[in-house]
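Trainee: Sequence and predicted model, in that order:
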Amino acid sequence: MTSRLIERLESYKRQCPKCAKHFYHTNIFVLPWVSRCPIHQCTITSICPICKQPWPDITEMAGRECPGCGRPRFNEIKTSIWSDIKDQNYQPIANIYELFEHDIDLFHLVTVDHFTSERAHKHTIGTNTQWCKPIPVLSPQYPSFQVRCYNLLSHKLLKEINIPTFPVHYKSWRLFFDKELEKTIEAIKQQSWTDEIEAFTYKTRKQSINSLFKILVYIVNWIHQHASKKHTIYISSYRYLPTHYFTGAPDPCPYCMALSLWFFNAVANIYGNQTTLKINNYPFCIENGLNYFHRASTPFVYTNNTYYKLEESFVSWFYRRGLLISFLAILRFSFDFITQINNYRKSDKDYFLIPNRDDIFSDQYCQTKLSNNRLYFYFENENPLSSYQPRPTPKIDNICRKFIAYLANHKIDRNIDIGAISSSRLKYVEFSLLIHNFRKYILNLYNG
């Protein structure tokens, strides 16, 4: 239960000063989105306003002489205190606890890759299909998700008790029982190739390639809007490149690097796990905290020991959204990595500080609910990339040309360029050529 999770946190570290004088404390004070006491409307603090020390736990109170946070002697306790407590309106506290009546559950939303994923080889980046993370209770968006999903409280009531609210969107789709789907998934689990799997793989691959083209068109246009309208995007292989390769090289273009890593990963996923493991060998990513790429996949619903199909419109939307979120995460990493390279060059240190990449998807929480044979999917933003503001990169065209020239003169293994995109309006024939060159690249890796 979510309420039990709160009880395990060290909630005494945050306290309402007025509640403390009445010897009252509640675990919800530990929640970062509870910034003001719902009862007294005063700021919740981490230190006592009188003695300026951190709030004590119950074992430390006896040693405090402070009238604000210490434990008074019995004969100093005034009876008026108890009447004050009795007269206080504690209903706002009860309202907040209502938000925890329903636990978040995403386990009934699964993908085929959940059954086919293999253990990544050493020095090879793994893949993680769960790009949509369940909203944690400590997130500022948690109350808004609970209100939207379960209609527990109103946004108006949250504002009255100083709980911040955020927009939460949702979509709903019907579920369909399909015996063939269950047979196909069981065959995939057993790794036994059947006609059903072959038909399913062909259909899924065709849909995935069409979705990939639509998202690539959008991303290319987005890059030209933020980088330069005349910017040529080079899609190259970055395999086997360690961090020290970049320290002696010109800065890479963050857009070209991100699109290259994303395109190779996305197309490799379409052709299966063996291809993905063959492609995803990027030491500089692993050395800098990016241990896996998130990937888009085809979703199903699993509940009561039964698999259900979803409407094609949801499958396509879910897959395309996964592609966008995957690119956004890799783009964030690319900008951070280049900043890290420049900081390293300016310092006298001979090592890198590996950053924490846990927050790379922190603004993409979601929540699901099954009701009346429908899946309800709640999420933060309709288009994750549209709200992202990349860092300014002056003279991006010159930066890009210098690095591409360096990459061409310092090749590692069979790293090659598979294409360049010079126009913001990508045509399908150009996309087909990129796919064709990628296939040639893969065959070269397998045959080499």
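Mentor: Yep, that arrived. Predicted model only: the values in this text are computed from it and were never measured. Numbers count the residues shown, from 1 in each chain.
Trainee: make it CA atoms for all contacts and neighbour counts henceforth
Mentor: Noted.
Trainee: can you count the residues close to residue 51?
Mentor: 15 (other CA atoms under 10 Å).
Trainee: Can you list the low-confidence ranges for the stretch 301-448 of the chain?
Mentor: For the stretch 301-448 of the chain, residues meeting the criterion pLDDT under 70 lie at 350-363, 411-415, 448.
Trainee: where along it do the strands fall?
Mentor: Ranges of strands in the stretch 301-448 of the chain, per DSSP state E, counting those that start in this stretch, are 306-310, 365-371, 374-379, 417-421.
Trainee: among those, which is nearest residue 333?
Mentor: strand 365-371 (18.7 Å; CA to CA).
Trainee: Tell me which strands the closest one pairs with, and in which orientation.
Mentor: As defined by DSSP bridges, the strand partners of strand 365-371 come to strand 133-134 (parallel), strand 374-379 (antiparallel).
Trainee: Helices of the stretch 301-448 of the chain, residue ranges please.
Mentor: 312-346, 396-409, 428-447 (DSSP state H, counting those that start in this stretch).
Trainee: CSV for the ones you listed, including distance to residue 148?
Mentor: Below are the helices of the stretch 301-448 of the chain laid out as CSV (distance: least, CA to CA, whole Å):
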stretch, distance to residue 148
helix 312-346, 20
helix 396-409, 42
helix 428-447, 40
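Trainee: Could you say which of those is packed most deeply?
Mentor: Neighbour counts (mean count of other CA atoms under 10 Å) averaged over each of those peak at helix 312-346, with a mean of 18.
Trainee: Just give me how far the helix or strand hosting residue 157 sits from the chain centre.
Mentor: Per DSSP states H and E, residue 157 falls inside helix 155-160. Counting by CA atoms, centre = their mean, to the nearest Å, helix 155-160 is centred 27 Å from the centre of its parent chain.
Trainee: so residue 255 touches residue 331, yeah?
Mentor: Yes: using CA atoms under 8 Å, residue 255 is in contact with residue 331, at 6.8 Å.
Trainee: Now residue 176: which helix or strand?
Mentor: With DSSP H and E as the criterion, the answer for residue 176 is strand 169-177.
Trainee: about what we covered before: now for the strands of the stretch 301-448 of the chain, which one comes closest to residue 179?
Mentor: Per CA to CA, nearest to residue 179 of those: strand 306-310, 8.5 Å.
Trainee: coming back round to it: winner for burial among the strands paired with strand 365-371?
Mentor: Ranked by mean neighbours (mean count of other CA under 10 Å), the strands paired with strand 365-371 are led by strand 374-379, with a mean of 19.
Trainee: Compute the inter-axis angle for that one and strand 306-310.
Mentor: Calculated by axes from the mean of the first three to the mean of the last three CA atoms, to 10 degrees, strand 374-379 forms an angle of 70 degrees with strand 306-310.
Trainee: Please enumerate residues in contact with strand 374-379?
Mentor: 145, 149, 168-175, 364-370 (CA atoms under 8 Å, 6 or more residues apart in numbering).
Trainee: List the beta-bridge partners for residue 15.
Mentor: Applying DSSP bridges, one finds that residue 15 bridges with residue 45.
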